[in-house]
Structure formats: C-alpha cells, structure tokens
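Undergrad: predicted coordinates and the sequence they were generated for:
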Amino acid sequence: MKILYPAAFEKDGGYILVQFPDIPEAMTQGATAQEAHAKAKEVLGLALDGKQDFPEATAVDVLERKYPDKTVTLIEIDF
C-alpha cells in the first residue's frame with residue numbers, strides 16, 4: 001500500500017530541515033535536498049510503523065498557506 005503525506009522542507013544553515021505537520025514525531029534533516037528527501041521517506045516509515053490508524057493528511061495548498069517560507073512536498077512510501 002502506498003501512503004502519501006506532505007512534508008515541509010526548510011533551509012537552516014547548512015541543512016534542510018524536514019517536518020511532517022500531520023505526524024509531529026516525524027522530523028529529520030539532510031545536507032542536500034536529495035538526502036533530506038531520502039531521510040524524510042525513512043522517518044515517515046518509522047513514525048507510522050506499527051500504527052493501525054493513520055492521521056488524515058492535510059492538503060498541500062493548506063500547508064503552503066500555513067508555512068509560506070517552507071517548501072511543501074508530498075512524500076510517498078510503500079507500507
């Protein structure tokens with residue numbers, strides 16, 4: 001089963017911070033955009049592992065308005 005959640009990416013010094021607004025415990029960072037994206041997929045899988053019910057994903061456009069200084073992107077994992 002494929003699962004999609006929006007992640008907010010934000011440049012912070014030498015790193016790109018990643019958070020999932022719908023899953024507060026899922027946070028990570030990477031030195032490059034590619035690394036941050038790969039780590040985002042990993043942390044999303046870890047945060048959802050063992051859960052029976054998944055939180056509803058917020059629409060990307062809603063999060064773009066809420067976080068205008070961040071880049072919001074959907075992250076897909078196979079679960």
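TA: Everything's here; your move.
Undergrad: which helix of the chain spans the most residues?
TA: Scanning the chain for the helix with the most residues, using DSSP state H, yields helix 33-48.
Undergrad: name the helices or strands packed onto that one?
TA: strand 2-12, strand 15-19, strand 27-30, strand 71-78 (3 or more C-beta pairs under 8 Å, 6 or more residues apart in numbering; DSSP states H and E). Where you see a C-beta, it was placed from the backbone N, CA and C, and this is true even at glycine.
Undergrad: tell me the strands beside the second one, with direction?
TA: Each strand that pairs with strand 15-19, with its direction, by DSSP bridges: strand 2-12 (antiparallel), strand 27-30 (antiparallel).
Undergrad: quick revisit: and the longest helix of the chain, what's buried?
TA: Within helix 33-48, the residues that count as buried by 16 or more other C-beta atoms under 10 Å are 36-37, 39-41, 43-44, 47-48.
Undergrad: ok, which of the helices and strands packed on helix 33-48 comes nearest T58?
TA: strand 2-12 (6.2 Å; C-beta to C-beta).
Undergrad: just the CA coordinates for that closest one, please, in CSV.
TA: Taking Å, rounded to 0.1, in the frame of the first residue of the first chain, the C-alpha atoms of strand 2-12 are listed here in CSV:
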residue,chain,number,x,y,z
LYS,A,2,1.3,3.5,-0.9
ILE,A,3,0.9,6.3,1.6
LEU,A,4,1.4,10.0,0.9
TYR,A,5,2.0,12.7,3.4
PRO,A,6,3.0,16.3,2.9
ALA,A,7,6.4,17.3,4.3
ALA,A,8,7.6,20.9,4.9
PHE,A,9,11.2,21.5,3.9
GLU,A,10,13.2,24.5,5.3
LYS,A,11,16.8,25.6,4.7
ASP,A,12,18.5,26.2,8.0
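Undergrad: quick one: T71 and E25, what's the gap?
TA: Distance, T71 to E25, using C-beta to C-beta, to the nearest Å: 21 Å.
Undergrad: which parts of stretch 48-58 are buried?
TA: Quick answer for stretch 48-58 (16+ other C-beta under 10 Å): 48, 57.
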